[in-house]
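> coords please:
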Amino acid sequence: MTGPYLVTGASGFAGRHLLETRAEGTKAIALVRDPDAWAEESWTAGLADVTPVKGSLASLDGWTDELPPLAGIFHFAALVRHSRSGADEVYATNVEGTLNMVRLAARHACRVVMLSTSGTVACFESPAETADENADFCETTVENWPYYHSKIVAERRARQLAVELGVELVFIRPPVLLGPGDHRFRSTSNIIRMLRGRLPFLIQGGMHFIDIRDAMHAIWCAMERPDVRPVYHLAGTSSTIEEFFAMVGQVAGVRAPHRILPYRLAKRIAAADEWLGMKLRGEPLRLFPGPVVVEMARHYWGLESLYARDELGYESRAPLETLRDTVEWLRANHPKLRA
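I've put the predicted structure just below:
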């Protein structure tokens, strides 16, 4: 098809890189909440052939009526909230929003490529375990973590609906996405804290990351590939938390945190922070990572792919290159890190 691609979550880290890596002449429609705010972003000024459209995942009414025939839908939008507070909103956005994109794809007879997460299948107690594309959901492990569990529900229900409506649906499951251009400073938040000297301790556990530039190349290939595979994993560098921040320290020229807080103690402090905050002001104090973040931190995220290299041309670049580019971009762009 020659029509434009619809991109949800276009104003985020992944959406930015997807739009910046388009082939010349590839048209896109960016689904945004506020077109004026979109236009004010410095990085959107150089995007040719991208049209912002105001709309919401919650409903297809109104904003979809004037869409031209679509070549495909990249569904990146999600509510990432690692807390049990406000879980209903997380499920509504991540599940119902995904189902609406499948319905829209059925109207346009086009493919949906959805950015999911490795946390649907690759969350383990041991660093030796891994999950490939044939793995079962790790639902028992993540059922009390609304974000990851909502992604499992979204995948399961979207797959069922796609089969019913005859929609081509591809799930991409990456681990943590790093690299330059995180203009919202969310994926890189802990690196920022370390660079500012505000990461005093770590919780023993694992980390798995890839470069967002490598991920977007693979995602474009997943959309344009003639054959459809239901799921791709994008595996990269898996390490312990200590090893990860040691690498960040190496490229940044700063000392990495060396204190490891025992999990049980961290969990008690997180619970106290949340309880006291709710008593005093109706929300956690946020002086300490929340209980869900602490519970997640002690796990390992072993991921492997059977297909991404051969079918999508996916290669994960050297981890120090990704981290060096990330740190350099943050130091040039974060208001509290600029020299």
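> tell me where the stretch 51-200 of the chain has strands.
For the stretch 51-200 of the chain, the strands defined by DSSP state E, counting those that start in this stretch cover 72-75, 111-115, 169-173, 176-178.
> could you identify which of those strands is most buried?
For those, the largest average neighbour count (mean count of other Cβ atoms under 10 Å) is found in strand 72-75, namely a mean of 26. Where C-beta positions appear, they are placed from N, C-alpha and C, glycine not excepted.
> may I ask which helix or strand of this protein has the lowest mean pLDDT?
Lowest by mean pLDDT, DSSP states H and E among the helices and strands of the chain is helix 263-281, with a mean of 85.
> what sits up against that one?
Residues outside helix 263-281 that contact it (Cβ atoms under 8 Å, 6 or more residues apart in numbering) are 203-204, 283-291, 293-295, 297-298.
> again, only this time at 10 Å
83-85, 201-205, 260-262, 283-295, 297-298 (Cβ atoms under 10 Å, 6 or more residues apart in numbering).
> mind listing what's buried in the helix or strand just after that helix?
Remark: after helix 263-281, the chain's next helix or strand is helix 291-297, criterion DSSP states H and E. By 16 or more other Cβ atoms under 10 Å, the buried positions in helix 291-297 come out as 291, 292, 294, 295, 296, 297.
> and for stretch 241-252?
Buried residues in stretch 241-252, counting neighbours by 16+ other Cβ under 10 Å, are found at 241, 242, 244, 245, 247, 248, 249, 251, 252.
> and it, how far out from the chain middle?
Put simply, stretch 241-252 sits 21 Å off its chain's centre (Cα atoms, centre = their mean, to the nearest Å).
> put the alpha carbons of it into CSV.
Written as CSV, here are the backbone C-alpha positions of stretch 241-252 (Å, rounded to 0.1, in the frame of the first residue of the first chain):
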residue,chain,number,x,y,z
ILE,A,241,22.4,-4.5,38.0
GLU,A,242,25.9,-4.0,39.4
GLU,A,243,27.5,-4.8,36.0
PHE,A,244,25.1,-2.5,34.2
PHE,A,245,25.9,0.6,36.3
ALA,A,246,29.6,-0.3,36.2
MET,A,247,29.4,0.0,32.4
VAL,A,248,27.5,3.3,32.7
GLY,A,249,30.3,4.5,35.1
GLN,A,250,32.9,3.4,32.7
VAL,A,251,31.6,5.5,29.8
ALA,A,252,30.6,8.4,31.9
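> right, I'll leave it there.
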